[in-house]
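**Q** following is a predicted model, sequence given first.
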Amino acid sequence: MSTDVLAETLDGGQAFRWTPQTDRSWIGIWGRNVVRIRVGPAGDIEWSALAGDEAAVTHYFGAEADLPGATDALPWRSDAHLARCIQAFPGLRILRQQFGETLLCFLCSATKQIVQIKQMVALLAERHGERIAVAAADRGRPGSASPATAYYALPTWEKLATIPERELRDCLLGFRAKYIAETATLLARHPGWLAETENLPYTQAKERLCSLPGVGEKIADCVLLFGAGKLEAFPVDVWILRTLALRYDLHGWKPAALSQFGRAHFGAYAGLAQQFLFAWERRLGRSVAQGTVAAPPSISR
DNA sequence: AGGCAGGTGGCCA
DNA sequence: TGGCCACCTGCC
């Protein structure tokens, strides 16, 4: 995997708790795991756990999912644009994050950019999450002048249910604070609800998620794709709306129709296809911003 | 410096 | 159903 693709995997909108380090490595937190990862000299992935173990790491990186097999099963042979996206990001992965944490992160995501979502989530963890014990040997290098960094887990839903909405707003959540507070209250009243939902088939799980305040189709699909390994979930956001309009000539299609198109056209691993398309469009967006390429035509709604 | 941002829910024809 | 708008507020 290239450093590019690693960055896109960790920081491309699936997860919001990875921070780039000065040495081109990344440090990420999920559950009570703290892990450093980078691309080695031979292009292999190197990781070390400051907290947590190998089982947690391999699970998180989707080792059980056979992503290469799923990628090959995508209809790239008959879809030139998809083929181009896959070729541009070889080895791009769908992470297998924790269900409850993914729900929390995507409840923060409504009409916010990745940087800001990361800020909200970081504040939630620092102010309301538990501090994670980190092995002493990994805490800063010997002779380093910088103090040891503290790492915090995200607050559990149980904990979130005890936090006043006002304090959630202080974590830059804005109107999302109400959704999170209400969802927390609801989950507190129904122990086991999350675990049951996670284990349901895609359609039923999505229906249940959509019953939570602040969770619509898009967020439900993100939670199922990134937090439950349901690769058929096909989140339709403004980027995908734009991509499908531009690259598949689907101007004026509404999200619900695009969602159907996605599943019909891309098949059982539509969510993986979505991630490739998304990565392509993001890279293009950055190039436009840098003036490397011309801006694409605007789309009609 | 001010518009905009990876949505959702509610209200209206 | 389909369209429109309020909801918060920190960043680029």
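**A** Nice, I can see it. Numbers count the residues shown, from 1 in each chain, chains lettered A, B, ... in the order given.
**Q** and the top helix by length along chain A, what does it pack onto?
**A** Ranked by residue count under DSSP state H, the longest helix found in chain A is helix A:270-290. Contacts defined by 3 or more Cβ pairs under 8 Å, 6 or more residues apart in numbering; DSSP states H and E place helix A:270-290 against helix A:3-11, helix A:67-73, helix A:80-88, helix A:217-227, helix A:238-248, helix A:255-266. C-betas here are computed from N, CA, C, even on glycine.
**Q** out of these, which is the most enclosed?
**A** Looking across the helices and strands packed on helix A:270-290 with neighbours counted as mean count of other Cβ atoms under 10 Å, the highest average goes to helix A:217-227: a mean of 25.
**Q** quick one: is that helix near DNA strand B?
**A** Yes - Helix A:217-227 lies within reach of DNA strand B by Cβ under 7 Å from any atom of the strand, at A:Glu217, A:Lys218, A:Ile219, A:Ala220, A:Cys222.
**Q** so which residues of the stretch 1-150 of chain A form helices?
**A** A:3-11, A:54-60, A:67-73, A:80-88, A:99-107, A:114-128 (DSSP state H, counting those that start in this stretch).
**Q** could you report the pLDDT at A:Glu130?
**A** Note for A:Glu130: predicted pLDDT of 98.
**Q** er, A:Val288 I mean
**A** In this model, A:Val288 is scored at 74, pLDDT.
**Q** for the one 4 residues further on, same thing?
**A** Predicted confidence (pLDDT) for A:Thr292: 71.
**Q** and it, how far is that from A:Arg283?
**A** Distance, A:Thr292 to A:Arg283, by Cβ to Cβ, to the nearest Å: 10 Å.
**Q** quick one, which of the two is more surrounded?
**A** Neighbour comparison, A:Thr292 and A:Arg283: the larger count goes to A:Arg283, with 16 against 9 (by other Cβ atoms under 10 Å).
**Q** which residues are in contact with that one?
**A** Counting by Cβ atoms under 8 Å, 6 or more residues apart in numbering, A:Arg283 makes contact with A:Glu8, A:Ala88.
**Q** could you do A:Leu10 as well?
**A** The neighbours of A:Leu10, taking Cβ under 8 Å, 6+ apart as the test, are A:Trp18, A:Trp26, A:Gly28, A:Ile37, A:Leu95.
**Q** again, but for A:Tyr179
**A** The contact partners of A:Tyr179, by Cβ under 8 Å, 6+ apart, come to A:Leu107, A:Pro213, A:Gly214, A:Val215.
**Q** ok, now with 6 Å
**A** Shown in contact with A:Tyr179 (Cβ atoms under 6 Å, 6 or more residues apart in numbering): A:Leu107, A:Pro213, A:Gly214.
**Q** does it belong to a helix, a strand or coil?
**A** Secondary structure state of A:Tyr179, per DSSP: H, G, I helix; E, B strand; the rest coil, is helix.
**Q** need the residues of the stretch 1-150 of chain A near DNA strand B, please.
**A** Neighbours of DNA strand B within the stretch 1-150 of chain A, by Cβ under 7 Å from any atom of the strand: A:Gly12, A:Gly13, A:Gln14, A:Ser109, A:Ala110, A:Thr111, A:Lys112, A:Gln113, A:Ile114.
**Q** mind listing what the third one touches?
**A** Read that as A:Gln14. By Cβ under 6 Å, 6+ apart, the residues touching A:Gln14 are A:Leu95, A:Phe226.
**Q** wondering if stretch A:197-206 reaches DNA strand B at all.
**A** No - counting by Cβ under 7 Å from any atom of the strand, no contacts exist between stretch A:197-206 and DNA strand B, the nearest distance being 10.5 Å.
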